[in-house]
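Asks: The amino acid sequence is not available; the structure is as follows:
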(Lines give C-alpha, C1' and ligand atoms only; values in the text may rest on other atoms or scores of the structure.)
Protein backbone atom coordinates (compact mmCIF):
# COMPACT_ATOMS: atom_id res chain seq x y z
CA UNK A 1 0.00 0.00 0.00
CA UNK A 2 1.42 3.43 -0.89
CA UNK A 3 2.23 6.20 1.57
CA UNK A 4 -0.65 7.69 3.51
CA UNK A 5 -2.79 4.55 3.20
CA UNK A 6 -4.23 5.48 -0.19
CA UNK A 7 -4.75 2.71 -2.67
CA UNK A 8 -3.73 3.22 -6.29
CA UNK A 9 -4.59 1.48 -9.51
CA UNK A 10 -1.89 0.15 -11.84
CA UNK A 11 -2.84 0.25 -15.51
CA UNK A 12 -0.89 -0.64 -18.63
CA UNK A 13 -0.58 1.96 -21.34
CA UNK A 14 1.50 3.35 -24.18
CA UNK A 15 3.40 6.64 -24.27
CA UNK A 16 1.80 8.77 -26.99
CA UNK A 17 3.52 12.13 -26.56
CA UNK A 18 6.37 13.74 -24.62
CA UNK A 19 5.24 17.00 -23.02
CA UNK A 20 7.26 19.84 -21.46
CA UNK A 21 8.50 19.56 -17.83
CA UNK A 22 9.16 15.80 -17.99
CA UNK A 23 5.49 14.90 -18.46
CA UNK A 24 4.08 12.34 -20.86
CA UNK A 25 0.65 11.72 -22.37
CA UNK A 26 -0.10 8.02 -21.89
CA UNK A 27 -2.92 6.21 -23.67
CA UNK A 28 -4.39 3.58 -21.36
CA UNK A 29 -4.98 0.03 -22.51
CA UNK A 30 -8.17 -0.26 -20.44
CA UNK A 31 -10.22 1.95 -18.16
CA UNK A 32 -12.68 4.78 -18.18
CA UNK A 33 -10.26 7.44 -19.45
CA UNK A 34 -8.62 7.28 -22.85
CA UNK A 35 -5.42 9.06 -21.77
CA UNK A 36 -3.68 10.49 -18.70
CA UNK A 37 -0.86 12.95 -18.13
CA UNK A 38 1.93 11.20 -16.23
CA UNK A 39 5.39 11.85 -14.80
CA UNK A 40 8.13 9.29 -14.22
CA UNK A 41 8.36 8.07 -10.61
CA UNK A 42 11.45 7.91 -8.40
CA UNK A 43 14.70 6.48 -9.70
CA UNK A 44 12.93 5.57 -12.90
CA UNK A 45 13.27 9.22 -13.90
CA UNK A 46 16.61 8.28 -15.46
CA UNK A 47 14.79 6.19 -18.07
CA UNK A 48 14.40 7.68 -21.50
CA UNK A 49 10.88 7.18 -22.72
CA UNK A 50 9.80 7.65 -26.32
CA UNK A 51 6.39 7.66 -27.96
CA UNK A 52 5.29 4.07 -28.50
CA UNK A 53 6.97 2.66 -25.37
CA UNK A 54 4.69 0.38 -23.31
CA UNK A 55 4.56 1.43 -19.63
CA UNK A 56 2.73 0.74 -16.36
CA UNK A 57 1.01 3.79 -14.86
CA UNK A 58 -0.08 4.18 -11.25
CA UNK A 59 -3.27 6.26 -10.96
CA UNK A 60 -4.58 7.68 -7.68
CA UNK A 61 -8.35 7.37 -7.12
CA UNK A 62 -8.81 11.09 -6.40
CA UNK A 63 -7.42 12.32 -9.77
CA UNK A 64 -7.96 9.93 -12.66
CA UNK A 65 -6.47 12.37 -15.19
CA UNK A 66 -2.94 12.25 -13.78
CA UNK A 67 -0.58 9.42 -12.96
CA UNK A 68 2.94 8.16 -12.36
CA UNK A 69 4.91 5.94 -14.71
CA UNK A 70 6.32 3.25 -12.41
CA UNK A 71 8.01 0.98 -14.96
CA UNK A 72 8.42 0.10 -18.59
CA UNK A 73 6.87 -3.19 -19.78
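Replies: In hand now; what should we look at? Keep in mind that what you see is a predicted model, and the values were worked out from it rather than measured. Numbering: from 1, shown residues only.

Asks: Other residues contacting the top strand by length along the chain?
Replies: Under DSSP state E, the strand in the chain containing the largest number of residues is strand 9-19. Strand 9-19 has contacts (CB atoms under 8 Å, 6 or more residues apart in numbering) with 24-31, 35-37, 49-59, 61, 67, 69-70, 73. No exception for glycine: its C-beta is placed from N, CA and C like everyone else's.

Asks: Show me which residues of stretch 41-55 are buried.
Replies: 49, 53, 55 (16 or more other CB atoms under 10 Å).

Asks: try stretch 62-73
Replies: Those buried within stretch 62-73 under the rule 16+ other CB under 10 Å are 67-70.

Asks: need the strands for the protein, in chain order.
Replies: Assigned by DSSP E, the chain shows strands spanning 9-19, 23-28, 35-40, 54-59, 66-72.

Asks: Reformat the ones you listed as TSV; add mean pLDDT.
Replies: Listed next are those as TSV, based on pLDDT from 0 to 100:
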stretch	mean pLDDT
strand 9-19	93
strand 23-28	94
strand 35-40	94
strand 54-59	93
strand 66-72	92
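
Asks: For residue 36, which residues are in contact?
Replies: Counting by CB under 8 Å, 6+ apart, residue 36 touches 13, 25-26, 28, 57, 59, 64-67.

Asks: Likewise for residue 70?
Replies: Applying CB under 8 Å, 6+ apart, we find residue 70 in contact with 10, 41, 44, 56-58.

Asks: Now for these: which two are most distant?
Replies: Of all pairs drawn from those, the one with the longest distance (CB to CB) is 10 and 44, at 13.7 Å.
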